[in-house]
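Asker: predicted coordinates and the sequence they were generated for:
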Amino acid sequence: MSVIARGVLALALLGSAGPALAGPPYLTDDPVPTDLGHWELYAFSAGEGRRSTIDADAGLDLNYGAAKGVQLTATLPLSFSHVPGEGWRGGSGDVELGVKYRFLHDEKAGVAIAIFPRVILPTAAHSPGERTRLLLPVWAEKDFAGGTSLFGGGGFTLNPGSGNRDFWQAGIAVTQDMGRTLSLGAEITRQGADQQGGTAQTRAGLGSILRLSEHASILLSGGPTWADHRTGYHFYLALGLTR
């Protein structure tokens, strides 16, 4: 079986391509940019699965606070997949470039809103003929006393290419600080079909951030994925470093 055929089979079993929302460790993003002049680096592994079929990425997610309220982002992944009877395959993944701009920040009210357009380049070894995608989302957050945050939003993805279709996606999440070193959260997201004849997906998940030190954290999340009356799973694990 060719690399292309293996990729098609994996996507068919999973229901669609991997999620496009991203806000470590959640699929839902927030409007908070990296602080001015600082870096955030996430060494991550994330993906989708159904039984022993897995479609995932591993790589680096780089964020830089380029200006007040402005974050530059680059995601540099390697892709790997497992299809029963075919074993493991790997190669380059789709590079993502983005700019987060927080245009509203009312610190007293605990409210923030940002846009976060992202360009997804067709650099994956298994996706010949794919074209550049563009995600256009808006994210909002409300912080409450006691360390509780509610954030969410969504947007539209331009997804050109043969057999593809544009789609909407949205998510909402709530997190709670459990002291200085631990944050826990839960979320639910919805994504429309990204292929002709495809199905929408709903994902639920639990997440946590464990702060190891002032500059290092472990981030993880995961939960079920529902698509076309089938249940799969999604996961995220990363080591986060800041400076």
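Answerer: Yep, that arrived. Residues are numbered from 1 along each chain as shown.
Asker: from here on, contacts and neighbour counts on C-alpha atoms
Answerer: Will do.
Asker: check which residues of stretch 76-86 are buried.
Answerer: Neighbour counts over stretch 76-86 (16 or more other Cα atoms under 10 Å) mark 76-83 as buried.
Asker: residue 97 contacts residue 120, correct?
Answerer: Yes: here residue 97 lies in contact with residue 120, judged by Cα atoms under 8 Å, at a distance of 6.6 Å.
Asker: and the host helix or strand of residue 65, what does it pack against?
Answerer: Applying DSSP states H and E as the criterion places residue 65 in strand 53-67. Secondary-structure packing of strand 53-67 (3 or more Cα pairs under 8 Å, 6 or more residues apart in numbering; DSSP states H and E): helix 3-14, strand 39-50, strand 70-83.
Asker: quick one: that strand to strand 70-83, angle?
Answerer: 170 degrees (axes from the mean of the first three to the mean of the last three Cα atoms, to 10 degrees).
Asker: now strand 53-67 - C-alpha only, CSV.
Answerer: Provided in CSV are the C-alpha atoms of strand 53-67 (Å, rounded to 0.1, in the frame of the first residue of the first chain):
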residue,chain,number,x,y,z
THR,A,53,-5.2,3.4,14.5
ILE,A,54,-3.3,6.6,15.4
ASP,A,55,-2.7,9.8,13.5
ALA,A,56,-0.4,12.2,15.5
ASP,A,57,2.3,14.8,15.5
ALA,A,58,5.3,15.4,17.6
GLY,A,59,7.5,18.5,17.5
LEU,A,60,8.0,22.1,18.8
ASP,A,61,5.5,24.9,19.3
LEU,A,62,7.3,28.2,19.5
ASN,A,63,5.7,31.5,20.8
TYR,A,64,7.3,34.9,21.1
GLY,A,65,6.0,38.1,22.5
ALA,A,66,7.0,40.5,19.7
ALA,A,67,5.0,43.5,20.9
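Asker: which residues are contacting it?
Answerer: Applying Cα atoms under 8 Å, 6 or more residues apart in numbering, the external contacts of strand 53-67 come out as 10-11, 13-14, 18, 33-49, 71-84, 93.
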